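*Asks:* My questions concern the predicted model and sequence given below.
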Amino acid sequence: MDADFFRKLPKVELHAHINGSISVSTMSQLVAGMSTSYNPDSLKFKKGETGTLKEVFKLFRQIHDVINNEKAVYKVTYDVIHEFAEENVKYIELRTTPREEPSTGMTTISYVETVLRAIDDCAKENLDIIVKLLLAVDRRQSLQVAMDTVQLAVKYREKSNGVIVGIDLSGDPKVGNADIFIPAFKEAQKHGLKLALHLAEVPAPEETITLLREIIPDRIGHGTCLQPDAGGTKDIVEFVESHRIPLELCLSSNIINMTVPGYDNHHFKFWYDLEHPCIICTDDKGVFSTSITEEYSIAADTFQLSSDQVWQLSYNSIDSIFSDETTKQLLREKWKTLKENLLLKS
Ligand code: 5GP
């Protein structure tokens, strides 16, 4: 399998934060038009660099300083969709935290409307990619803000004709306790929104088991420390396994932010060997200088996956998307059409 195989492989991306996915090219264009001292190269980790979670989240604050107005939000969203489409991602669920910026007049409402406008404009161009959106709750926020985000998601799901499909929980895992958001997540579920929660990025067994039991999320982001040898518990593993809650796994992200010591130690292996639903994702392709193509290639190299296994990994991701059976069937047909060509050539 060469680089071409991984690029041509049809892919699903289910864990991509919009502002963390910004490319150097987009960032350079945005910075060029501003009176800011930020150097685009300093707003990401270069290949081989690592950083603490504190450093990673400082970067996000700096990126937000640049993407502080609707025009920039539009450009990032529009460019990110095109970049994933170029990598043969056929279905993507982007996620983003509605943000207000009083200095530019941007509100959480105009933020969401801008992201949806960019998604809609891409759809009008007939790119070969289906784009859905999750609105994110940041762990730093209050329950009231989380409730407002759920209301926004409900309102704009209707207005966007179903582009918004769910709610994400993210933000610095070392900040706060996610239990406080349980009423907001229940409200989201009441309205039929799906939940993808960042859980156990760092050891937090009590928070993890409480959220799992109270909410039963539809997918887990990272799940780095679910297993006992990583600071989780047997009960947590049993719960996730018995409910077959899919895991969004972002290999390079975890290595760079040092929540996993090396690719060989990544929990992908633990869950993949259990035949648990595992989805390869990028997290923040811009910040972590990676791509979905590279992440598949790294997974194959590290865990000695054959081309058939790689294809199956990508194909099985379709089962975990937050869209209806018709969309899943459409994607499965697309994968089957592309399969023969891809595997015979490899
Ligand atoms: P945005 O929501 O602004 O589009 O994307 C950036 C935000 O996504 C960050 O401020 C942070 O809240 C969240 N995020 C990005 N990467 C990670 C990650 O690896 N872990 C967690 N917990 N949150 C992340």
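*Replies:* Now that the structure is in, tell me what you want to look at.
*Asks:* a helix runs through P183, doesn't it?
*Replies:* Yes - counting by DSSP: H, G, I helix; E, B strand; the rest coil, P183 is part of a helix.
*Asks:* Kindly state the pLDDT recorded for it?
*Replies:* Model confidence at P183, given as pLDDT, is 98.
*Asks:* Wait, it touches V150, no?
*Replies:* No - counting by CB atoms under 8 Å, P183 does not reach V150; the two are 9.5 Å apart. (C-beta placed from N, C-alpha, C; glycine too.)
*Asks:* Of those two, which one has the most company?
*Replies:* Between P183 and V150, counting by other CB atoms under 10 Å, V150 is the more crowded of the two (24 against 13).
*Asks:* That one and G192, how far apart?
*Replies:* 11 Å (CB to CB, to the nearest Å).
*Asks:* Equivalent analysis for D319, please.
*Replies:* Noted for D319: a distance of 19 Å to G192, by CB to CB.
*Asks:* Looking at the two, which has the bigger crowd around it?
*Replies:* Neighbour count, other CB under 10 Å: between D319 and G192, D319 has more, with 13 against 10.
*Asks:* Could you list the contact residues of the chain toward the ligand?
*Replies:* With the criterion set to CB under 6 Å from any ligand atom, the chain comes near the ligand through 17-20, 60, 96-97, 136, 138, 170-171, 173, 198, 201, 253, 283-284.
*Asks:* Mind jotting down where the strands sit in this structure?
*Replies:* Per DSSP state E, the chain carries strands over the ranges 11-17, 89-96, 130-138, 164-170, 194-199, 219-222, 247-249, 278-280.
*Asks:* of all those strands, which lies closest to A123?
*Replies:* strand 130-138 (7.0 Å; CB to CB).
*Asks:* any idea of the mean pLDDT for that closest one?
*Replies:* 98.
*Asks:* Show me the contact partners of the helix or strand of the chain with the lowest mean pLDDT.
*Replies:* Using mean pLDDT, DSSP states H and E, helix 325-345 stands out as the lowest-scoring helix or strand of the chain, at a mean of 89. Applying CB atoms under 8 Å, 6 or more residues apart in numbering, the set of residues contacting helix 325-345 from outside is 5, 8-10, 12, 90-91, 130, 307-308, 311, 314-315, 318-319, 321.
*Asks:* Counting neighbours, which of the residues you listed comes out on top?
*Replies:* L9 (28 neighbours).
*Asks:* low-scoring pLDDT stretches of the chain, where are they?
*Replies:* 344-346 (pLDDT under 70).
*Asks:* rerun at 50
*Replies:* Filtered on pLDDT under 50, the chain yields the residue ranges 346.
*Asks:* Spell out the residue ranges of the helices in it.
*Replies:* Assigned by DSSP state H, the chain shows helices spanning 3-8, 24-32, 53-66, 70-86, 108-124, 143-159, 182-190, 205-215, 234-242, 251-256, 268-273, 292-303, 307-317, 325-345.
*Asks:* Mark which of the residues of the chain next to the ligand are buried, thanks.
*Replies:* Neighbour-count burial (16 or more other CB atoms under 10 Å) applied to these gives 17-20, 60, 96-97, 136, 138, 170-171, 173, 198, 201, 253, 283-284.
*Asks:* ok so, going back, output the strands of the chain as JSON lines; include the columns distance to D120.
*Replies:* Shown next, in JSON lines, are the strands of the chain (distance: least, CB to CB, whole Å):
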{"stretch": "strand 11-17", "distance to D120": "18"}
{"stretch": "strand 89-96", "distance to D120": "13"}
{"stretch": "strand 130-138", "distance to D120": "9"}
{"stretch": "strand 164-170", "distance to D120": "12"}
{"stretch": "strand 194-199", "distance to D120": "21"}
{"stretch": "strand 219-222", "distance to D120": "25"}
{"stretch": "strand 247-249", "distance to D120": "25"}
{"stretch": "strand 278-280", "distance to D120": "26"}
